[in-house]
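Enquirer: Mind looking at a prediction? Sequence and model below.
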Amino acid sequence: VPGGKGSVAKPFASVQAGIEHAGACAEVWVHPGTYVETLRFEGRDVRVVSTAGAALTVLDGGGTGSVVSFVDDESPAAGLVGFTIRGGSGTPGQAPWGDPALTYGGGVFVRGASPILRDCVVRDNTVTGQGGGLFLLESAALVEGGAVEANASTASDDAGAGVALVDATARVHGLEIVDN
């Protein structure tokens, strides 16, 4: 709702607006629907939670970059719970970790942060580099439950079309990785 205040009666117009207005260690609750936008946590330790789960709550990047990015030292207090994440095209690489001509992390891009991703379905994202679904660089993220499926990389066969971990100590539990 334009001009929304973040209440049930007057919700924010976008999920990103909820993140930007949330205080430290807050939760942003998202109702079912398809949200065509990209999310940038920008150092905010905010947990974004779907009220109805991944089957009914979709973040669609519309091919305009990584759908969700954690790149500013977000802690485990930051995270995403219960979303389908699709339609991402990735973040351009930067020396020394990536080729600027390639894109990484179509669905979720994490660099130097440790968010929690729980019960998310990351699907139908495409990059030209690594991690069509998830790209975790120098990250201690926790990924629990959910699935990474039907993501693609146009790079070589060893590019990690589904998941790419680079210099990461991430923990992954109960994640189904299929058909990437």
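Expert: Alright, I've got the coordinates. Computed from a prediction, not measured in an experiment: that's the story for all the values here. Numbers count the residues shown, from 1 in each chain.

Enquirer: and stretch 8-17, which residues are buried?
Expert: By 16 or more other Cβ atoms under 10 Å, the buried positions in stretch 8-17 come out as 11, 12, 15, 16. C-betas here are computed from N, CA, C, even on glycine.

Enquirer: And the third one, its phi and psi?
Expert: Main-chain dihedrals, residue 15, degrees, to the nearest 10: phi -70, psi -40.

Enquirer: So what's the residue count around the closest residue to residue 114 other than its chain neighbours?
Expert: Taking Cβ to Cβ, 6 or more residues apart in numbering as the measure, residue 114 lies nearest to residue 140, with 4.2 Å between them; neighbours along the chain are not counted. Residue 140 has 16 neighbours, counted by other Cβ atoms under 10 Å.

Enquirer: how near is the residue lying closest to residue 124 once chain neighbours are set aside to residue 25?
Expert: Spatially, and ignoring its direct neighbours in sequence, residue 124 is nearest to residue 86 (4.3 Å; Cβ to Cβ, 6+ apart). Going from residue 86 to residue 25 by Cβ to Cβ, to the nearest Å gives 28 Å.

Enquirer: Relative to residue 108, which of the buried residues of stretch 8-17 is nearest.
Expert: Nearest to residue 108 among the buried residues of stretch 8-17: residue 15, at 14.2 Å, using Cβ to Cβ.

Enquirer: Is the closest one in contact with residue 49, as I believe?
Expert: No: contact status for residue 15 versus residue 49: not in contact, 10.7 Å apart, counting by Cβ atoms under 8 Å.

Enquirer: Need the residues touching each of the two.
Expert: Between them, residue 15 and residue 49 have 28, 30 as joint contacts when contacts are counted by Cβ atoms under 8 Å, 6 or more residues apart in numbering.

Enquirer: Buried residues in stretch 170-180, which are they?
Expert: For stretch 170-180, burial by neighbour count (16+ other Cβ under 10 Å) applies to 170, 172, 175, 177, 180.

Enquirer: Identify the residues contacting that stretch?
Expert: Outside stretch 170-180, the residues that touch it by Cβ under 8 Å, 6+ apart are 132-133, 136, 139-152, 161-163.

Enquirer: So which of the buried residues of stretch 8-17 are in helices?
Expert: Of the positions in the buried residues of stretch 8-17, 15, 16 sit in helices, assigned by DSSP state H.

Enquirer: Among the buried residues of stretch 8-17, find me the one that's closest to residue 120.
Expert: The nearest one, if we look at those relative to residue 120 and count by Cβ to Cβ, is residue 15, at 13.6 Å.
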